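>>> Got a sequence here, can you build the structure:
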Amino acid sequence: MKGIASILALASVATAHYVFPSLVVGGADTGAWKNVRQWTGYQSNGPVTDVTKLDIRCNVGAASKSVSTIDVAAGSTLGFTAKSSITHPGPLQVYMAKVPAGQTAATWDGAGDVWFKIYAVGPKFGTSLTWPAQGSTVVNFKIPASVPSGEYIVRIESIALHSASAANGAQFYISCGQINVTGGGSATLPKGVAFPGAYKPTDPGLMLNIYYPVPTTYSLPGPEVWSG
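Here you go, the predicted structure:
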């Protein structure tokens, strides 16, 4: 009986967690782990909690993983599926990083101050905080129309804050997809941030009690959103 109880407890934890296994291009799911790097231990649905480790970039072992790269038009809507849904409260953010000349999305690990934020959604305030991303099964966002053509890594993160009262309590649910932007513009990309390096465990958007006293402000971690 004790063994069965342990198995059920583990299953319950895995069910409460979630992954972003596939891209949504042109409104269609492109298939699990086809254009999204499959990270080590993805079956556990477990989070990353240490923002100082390489795992914060694309999840466990995924910086060195490779999948197929899919064409996405500049200015179009791109999405990630969330399996089974985003169950925890917290913000959701999306970053892009342009692949350097001479490399491809399939071979590049995303190192350096190269990540710029293109989408973020934080809380709504009231008698309690509500989080618009919570409960989502698909997260959609726009690729900036002025972003230059070429290959990119796209990084999504859902930051769960239900246990974030202490340092390293925030849980990061992360995936990285590989895209080739077509029909792009001529914008100069903003100075980026590095993962690891962009966040500290004690950043105000990562270490806080979201329940009591109810916050009246919230600072998203990382740089401002760049819209082109």
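>>> Which parts of this protein are helices?
When assigned using DSSP state H, the helices of the chain occupy the ranges 2-16, 55-58.
>>> rank these by mean pLDDT and give me the bottom one.
The stretch with the lowest mean pLDDT among the helices of the chain is helix 2-16, at a mean of 41.
>>> List the buried residues for stretch 20-38?
20-25, 30, 33-38 (16 or more other Cβ atoms under 10 Å). Backbone N, C-alpha and C define where each C-beta goes, glycine included.
>>> Widest-spaced pair of those?
In those, the most distant members under the criterion Cβ to Cβ are V25 and Q38, with 17.9 Å between them.
>>> ok now do D113, which residues does it touch?
By Cβ atoms under 8 Å, 6 or more residues apart in numbering, the contact set of D113 is K191, G192, V193, A194, G197.
>>> at 10 Å instead, please
By Cβ atoms under 10 Å, 6 or more residues apart in numbering, the residues touching D113 are A97, K191, G192, V193, A194, F195, G197, A198.
>>> Point out the least confident member of those residues, please.
Minimum pLDDT across the contacts of D113 is recorded for K191, with 94.
>>> Which single one of the contacts of D113 is nearest to I70?
Nearest to I70 among those is A97, at 16.1 Å by Cβ to Cβ.
>>> The residue lying closest to that closest one once chain neighbours are set aside: neighbouring residues, count only.
The shortest distance from A97 to any non-neighbouring residue, by Cβ to Cβ, 6 or more residues apart in numbering, is to V114 (4.3 Å). Using other Cβ atoms under 10 Å, V114 has 21 neighbouring residues.
>>> Tell me the confidence at V114?
98.
>>> That one and A28: what is the separation?
For V114, the distance to A28 (Cβ to Cβ, to the nearest Å) stands at 29 Å.
>>> So P89 versus T69, what's the distance?
Applying Cβ to Cβ to P89 and T69 gives a distance of 33 Å.
>>> With L54 instead?
Remark: distance between L54 and T69 (Cβ to Cβ) = 22 Å.
>>> related to what we said a few turns ago, out of the contacts of D113, which comes closest to C176?
A97 (9.0 Å).
>>> Can you pull the poorly scored residue ranges out of this protein?
1-15 (pLDDT under 70).
>>> need the strands for it, in chain order.
Taking DSSP state E as the test, the strands found in the chain are 23-25, 28-29, 70-73, 77-81, 92-98, 115-121, 138-142, 150-160, 171-182.
>>> closest to Q43 out of those strands?
Closest of the strands of the chain to Q43 is strand 171-182, at 14.1 Å (criterion: Cβ to Cβ).
>>> about what we covered before: could the contacts of D113 be laid out in JSON lines, adding neighbour count and distance to T137?
Below are the contacts of D113 laid out as JSON lines (neighbours: other Cβ atoms under 10 Å; distance: Cβ to Cβ, whole Å):
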{"residue": "A97", "neighbour count": "26", "distance to T137": "26"}
{"residue": "K191", "neighbour count": "10", "distance to T137": "34"}
{"residue": "G192", "neighbour count": "19", "distance to T137": "29"}
{"residue": "V193", "neighbour count": "19", "distance to T137": "28"}
{"residue": "A194", "neighbour count": "15", "distance to T137": "31"}
{"residue": "F195", "neighbour count": "28", "distance to T137": "25"}
{"residue": "G197", "neighbour count": "14", "distance to T137": "31"}
{"residue": "A198", "neighbour count": "19", "distance to T137": "27"}
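>>> That's all I had, so thanks and see you.
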